[in-house]
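*Asks:* Give me the fold of what follows.
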Amino acid sequence: MNGNLNPVPPERMEQFIEELKTPLKEVEQEKRESLEVSAGFFAKLAALNAGSIAVSASIILAILSKSEARLDWIRVALHELLIVVGFLWLSLVLAILHNFLAASVAKVAAASSDAEFVWMLTQRTILLSQEIEPNAEQSTYTQVKQLLRQQFIPREGRLVKTSQVLYRAVSIVGYVSMLSFATAFTLVPIFLFRIW
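*Replies:* Numbers count the residues shown, from 1 in each chain. Predicted coordinates:
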């Protein structure tokens, strides 16, 4: 077996790419649906965080207005309550960031669909030109198609990389937001037990 590989004919490569488009679209559709569900969940989490912060603020005001409470108890309670509020605030900010990044993923997906449509339109235009002028040099059409394809490849590559980075960022931000939320609500009973 020799070390040189035979180049894949352009027609076979185009056929191979066309065969992959349907399964790739199905995978992308499943990713989008998962992202939509995730964005809905994090919208609810953001609302829960905001409500919890508001309740915490009310509790802080109630503690501060209680004149007969011991000063050392108030200081400890406020400190612990502020820790919980800090984790809730972090979770809220990250939940909002999660949904912002999810919206960015949708924009990149739309740009990718747009690029795919433009390339399909270009291919169909070349085919129509071949039908209208069947006597034209076939190599000319092949060269035009290759030149145009080289124009589309860098943009598609950037869109794919951007999409991958955004998907990863959405996941990480989501996990940290949930961890922060879980930490805040785990600390509440611990701090309450210590106070009483």
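*Asks:* The helix or strand of the chain with the lowest mean pLDDT - contacts with which helices or strands?
*Replies:* The least trusted helix or strand in the chain, going by mean pLDDT, DSSP states H and E, turns out to be helix 10-65, with a mean of 74. Contacts of helix 10-65 with other secondary structure elements, assessed using 3 or more CB pairs under 8 Å, 6 or more residues apart in numbering; DSSP states H and E, are made with helix 71-132, helix 138-195. (C-beta placed from N, C-alpha, C; glycine too.)
*Asks:* want to throw the ones you listed into a markdown table with mean pLDDT, distance to Lys25 and mean neighbour count?
*Replies:* Below are the helices and strands packed on helix 10-65 laid out as a markdown table (pLDDT from 0 to 100; distance: least, CB to CB, whole Å; neighbours: other CB atoms under 10 Å):
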| stretch | mean pLDDT | distance to Lys25 | mean neighbour count |
| --- | --- | --- | --- |
| helix 71-132 | 81 | 9 | 16 |
| helix 138-195 | 83 | 14 | 14 |
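*Asks:* so how far is Val93 from the nearest residue to Ile60 once chain neighbours are set aside?
*Replies:* If you skip the residues right next to it in sequence, Ile60 has Leu81 as its closest partner in space, 5.9 Å away by CB to CB, 6 or more residues apart in numbering. Distance, Leu81 to Val93, using CB to CB, to the nearest Å: 19 Å.
*Asks:* next one: Ile83
*Replies:* Ile83 sits 16 Å away from Val93 when distances are taken as CB to CB.
*Asks:* swap in Ala62?
*Replies:* Ala62 is 26 Å from Val93, where distance means CB to CB.
*Asks:* again with Phe87
*Replies:* Spatial separation of Phe87 from Val93 under the definition CB to CB is 11 Å.
*Asks:* What's the separation between the residue nearest to Ile60 and Ser52?
*Replies:* 11 Å.
*Asks:* With Val93 instead?
*Replies:* Distance of Val93 to Ser52, computed by CB to CB: 14 Å.
*Asks:* Ala46 and Leu92 touch, don't they?
*Replies:* Yes. Ala46 sits in contact with Leu92 when judged by CB atoms under 8 Å, with a separation of 5.6 Å.
*Asks:* show me what contacts Ser129?
*Replies:* Remark: with contacts taken as CB atoms under 8 Å, 6 or more residues apart in numbering, Ser129 is in contact with Ala136, Tyr141.
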